[in-house]
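Asks: from the sequence below, what's the structure:
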Amino acid sequence: MHYIHPNYQVEPTIEFLAHEKGLVTISHTIVPDGIEPNELGHKIAVKGSYIDKDGKVLKPTFTEDSVTFDSDPIGILFSNVDVTYGNADGAIMYKGIVQGDYMDWGDQEWNVKLGEAVHAKLPNIDFTDKKGNLVTGIPASSGSSSSSTVNFDLSKATGTLGIDKGGTGATSASEALDALLESQPLPITKGGTGASDKDTAVTNLGAQKAE
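Replies: Okay, here's the model as predicted:
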């Protein structure tokens, strides 16, 4: 166990997590590379920092609408980690929702484009605005309509689609026809029997003949 100086201070941080819904953190080794000692000589990887696969704290460059990293980030450091004495275990936020205006954006003021720029690098991390509204990871709408069209490659589909879902519940033409006739008998006026069993069909046809 490392000795902690009685005057040891932890760098102040703020809570950037919007809420715990969908939060996923992973354990990862954090390295001291590039971290400057504080006034007490301690090297602290600060909560909210972006971390790469090697455990290094990244130093992003911010413009008004873009973010540049010196290497690809894998997540956001979830709590302070003391690396004064070398590598140490830390928790990285791999997936979740962040309050955009609570993060450090250098000398830039938080805006949606900055969140989108980070989201492009970390697609599992989404951002909210100052009112708590989700501003990244939202599917694009089509025109002014609230509905959107999604295309599916049915050539890769397996199983059968039930009649209640708009399918036939079968995988061959004859089975599909039988299933449909059983589900909704074809009326006599359309060339059917109006029934889904033999006895009722005979009765229906007999009544039709009598008329």
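
Asks: okay, CA-based contacts and neighbour counts for the rest of this
Replies: Noted.

Asks: burial of D199, as a residue count?
Replies: Residue neighbour count, defined by other Cα atoms under 10 Å, stands at 10 for D199.

Asks: do you know how far it is from G100?
Replies: 70 Å (Cα to Cα, to the nearest Å).

Asks: tell me, how many residues neighbour V83?
Replies: Using other Cα under 10 Å as the criterion, the residues surrounding V83 number 21.

Asks: do the one 4 residues further on as well
Replies: Burial of N87 is recorded as 16 neighbouring residues (other Cα under 10 Å).

Asks: contacting residues for the closest residue to it other than its chain neighbours?
Replies: Counting by Cα to Cα, 6 or more residues apart in numbering, V31 is the residue found nearest to N87 once chain neighbours are left out, at 4.6 Å. With Cα atoms under 8 Å, 6 or more residues apart in numbering as the criterion, the residues that contact V31 are 54-57, 83, 86-88.

Asks: same question, Y50
Replies: Y50 is in contact with 57-59, 73-77, counting by Cα under 8 Å, 6+ apart.

Asks: now L114: which helix or strand?
Replies: Using DSSP states H and E, the element containing L114 is helix 112-121.

Asks: which helices and strands does that helix pack with?
Replies: The criterion is 3 or more Cα pairs under 8 Å, 6 or more residues apart in numbering; DSSP states H and E, and the helices and strands that helix 112-121 contacts are strand 67-68, strand 125-128.

Asks: which elements pack onto the longest one?
Replies: What that stands for is strand 125-128. Applying 3+ Cα pairs under 8 Å, 6+ apart, one finds that strand 125-128 makes contact with strand 88-99, helix 112-121.

Asks: can you list contacts of that strand?
Replies: If you take Cα under 8 Å, 6+ apart as the criterion, strand 125-128 is touched by 18, 75, 94-100, 115, 119, 134-137.

Asks: touching, D89 and S27? I think so.
Replies: Yes. Using Cα atoms under 8 Å, D89 makes contact with S27 at a distance of 6.8 Å.

Asks: format the helices and strands packed on helix 112-121 as CSV; extra columns: mean pLDDT and mean neighbour count.
Replies: As requested, these are arranged in CSV below (pLDDT from 0 to 100; neighbours: other Cα atoms under 10 Å):
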stretch, mean pLDDT, mean neighbour count
strand 67-68, 96, 16
strand 125-128, 95, 24
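
Asks: I am finished for the moment; much appreciated.
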